[in-house]
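>>> Build me a structure from this.
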Amino acid sequence: MAAPRLFTVAEAERAVPLVRRVVRDLMAEYPAWREAVSRYELMTAGTRADWAESAEMQRAREAVTGHAERINGFLGELEQIGCVFKGFDAGLVDFYSLREDRLVFLCWRVDEARITHWHEIDAGYTGRQPLDERILMETRS
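Have a look, this model is predicted:
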């Protein structure tokens, strides 16, 4: 596994407008995927594996696949940026950073204007703490 991209607060905040657009797209696509999955499951309930799939079932399955491919594309965009998507419901995104030479996450949520918090890698959203001067503020050479 490659080393994660490290962000300063300023670098992460410059990425936020693009990340926000991608996360909003993800958050719109996810419920559509869930609905498509439910519709397909209802159609296929009671069918057997050796039965042929009807045209309607095939269209429903293709809808599920289409939504899943779009979701995977959005997740790939976030991965290329270097951030980590953490949740469809709240639109959570983490950016790797350093605090006193220790790997941490800068924590951002889609409804937040700026990055104002960080948390330990294993702490999650509930462990959020306000940014302080010990967070990586500038890129090191």
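
>>> At the geometric centre of this protein, which residue do we find?
What sits nearest the mean C-alpha location of the chain, by Cα atoms, centre = their mean, is F85, with 2.5 Å.

>>> For that one, name its beta-bridge partners.
According to DSSP bridges, V93 are recorded as the beta-bridge partners of F85.

>>> what does R102 give?
With DSSP bridges as the rule, R102 is bridged to R99.

>>> quick one: pLDDT of S141?
pLDDT recorded at S141 is 40.

>>> Secondary structure class of A113, three-state.
coil (DSSP: H, G, I helix; E, B strand; the rest coil).

>>> ok, it to D101 distance?
29 Å (Cβ to Cβ, to the nearest Å). Any C-beta I mention is one placed from the backbone N, CA and C, and that applies to glycine too.

>>> Could I get the full set of helices for the protein?
With DSSP state H as the criterion, the chain has helices at 9-44, 55-81.

>>> low-scoring stretches of this structure, by residue?
1, 136-141 (pLDDT under 70).

>>> Swap in 80 and give it another go.
Low-confidence segments of the chain (pLDDT under 80): 1-2, 46-53, 134, 136-141.

>>> for E69, what are its contacts?
With contact set as Cβ atoms under 8 Å, 6 or more residues apart in numbering, E69 has no partners.

>>> Off-centre distance for stretch 101-112?
13 Å (Cα atoms, centre = their mean, to the nearest Å).

>>> picking up where we left off before, would you turn the helices of the chain into JSON lines with distance to S97?
As requested, those are exported to JSON lines (distance: least, Cβ to Cβ, whole Å):
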{"stretch": "helix 9-44", "distance to S97": "7"}
{"stretch": "helix 55-81", "distance to S97": "14"}
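
>>> Most tightly packed of those?
Most buried of the helices of the chain by mean neighbour count (mean count of other Cβ atoms under 10 Å) is helix 9-44; its value is a mean of 16.
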